[in-house]
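> kindly return the folded structure for what I paste below:
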Amino acid sequence: MNLADWIGAFVGFVLTLLVFSYLIGDNPLFRITLHMFIGVSAGFAAVVTIYNIILPRLFVPIFISDRSEQILTLFPLILAGLLFTKISPRFAFIGNLPMSYLVGVSAAAAIGGAVTGTLIPQALASMNLFAVQSNQAFDANVGLRLVNGIIILIGTVATLAYFQFGKLSQASEKTQFQTWIDGLGQIGQVFIALTFGFLFAGIFSAALTALIGRVLFSVDFISDVLGLFIR
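The predicted model follows:
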């Protein structure tokens, strides 16, 4: 390794030890490392935003594009300028216009993404599992695929029943429909618990993989340093 690689490895090793110092309790060294990570992440995000979004999509079209694109670019530029009025309490109300626009666009993007990216694919996947003719072309064990489809369908319906009709089952006098919904809600709770369990296991395994990677990095660095002195 050259000098730059040694410096990078040494800095990474020191930061790793500072992060591991949290095992003995919260301390200033860990806080300094945490602040450094937050600062570097914020700086990296700011640089990427400036060079990949603001400059090519906001300022460059004003000087290079034709008249129509220049006029269209003025609208986001004006809205971005109005956001700075939120700094002053006196003129903060002016910044409500771009803030409301951002909230509306974000909500629309979130709803559209949830519908097109989650709800519709989930419904189509549940229906496709019951397509026996198409399943025979790919898998001879149609019965197992039908069982999987039934489980997914029950889990989807039970989870929706728990979130959508859960408050109806809290009434003092329950009708037969509310009793059925209460039963579906309990089944939905089981599926929700399993989902959160799998998510937690995935997060834990990812964190454990990162921990193993840092431990191996520390061991390799110590071995390389000791190798220099042993020679």
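
> just give me the longest helix of this structure.
Longest helix of the chain, by residue count under DSSP state H: helix 176-230.

> packing partners for that helix?
Here helix 176-230 touches helix 3-20, helix 142-165, going by 3 or more C-beta pairs under 8 Å, 6 or more residues apart in numbering; DSSP states H and E. Where you see a C-beta, it was placed from the backbone N, CA and C, and this is true even at glycine.

> tell me which of those sits most buried.
Neighbour counts (mean count of other C-beta atoms under 10 Å) averaged over each of the helices and strands packed on helix 176-230 peak at helix 142-165, with a mean of 15.

> can I get the helices and strands packed on helix 176-230 in TSV including distance to Ile53?
Formatted as TSV, the helices and strands packed on helix 176-230 follow (distance: least, C-beta to C-beta, whole Å):
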stretch	distance to Ile53
helix 3-20	29
helix 142-165	36
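
> for the nearest residue to Gln70 once chain neighbours are set aside, list the residues it contacts.
Of all residues beyond its chain neighbours, the one nearest Gln70 is Ile62 (5.5 Å), with distances taken as C-beta to C-beta, 6 or more residues apart in numbering. Contacts for Ile62 (C-beta atoms under 8 Å, 6 or more residues apart in numbering) come out as 70, 73-74, 77.

> most neighbours out of those, which is it?
Using other C-beta atoms under 10 Å as the neighbour criterion, Thr73 leads the contacts of Ile62 with 18 neighbours.

> surely it and Leu58 touch.
Yes. In terms of C-beta atoms under 8 Å, Thr73 counts as a neighbour of Leu58; the distance is 6.4 Å.

> and the gap between Arg67 and Pro76?
As defined by C-beta to C-beta, to the nearest Å, Arg67 lies at a distance of 17 Å from Pro76.

> typo on my end, Phe93
Taken as C-beta to C-beta, the spacing of Phe93 relative to Pro76 amounts to 20 Å.

> looking at these two, which one has more neighbours?
It is Pro76, of Phe93 and Pro76, that has more neighbours when counted by other C-beta under 10 Å, with 14 against 10.

> which of the residues in the helix or strand containing that one are buried?
Element membership for Pro76, per DSSP states H and E: helix 67-83. Neighbour counts using 16 or more other C-beta atoms under 10 Å place 73, 82 of helix 67-83 among the buried residues.

> outside of it, which residues touch it?
Applying C-beta under 8 Å, 6+ apart, the contact partners of helix 67-83 are 58, 61-62, 65, 94-95, 97-99, 101.

> out of the contacts of Ile62, which comes closest to Gly149?
For the contacts of Ile62, the minimum distance to Gly149 (C-beta to C-beta) is 49.9 Å, reached by Thr73.
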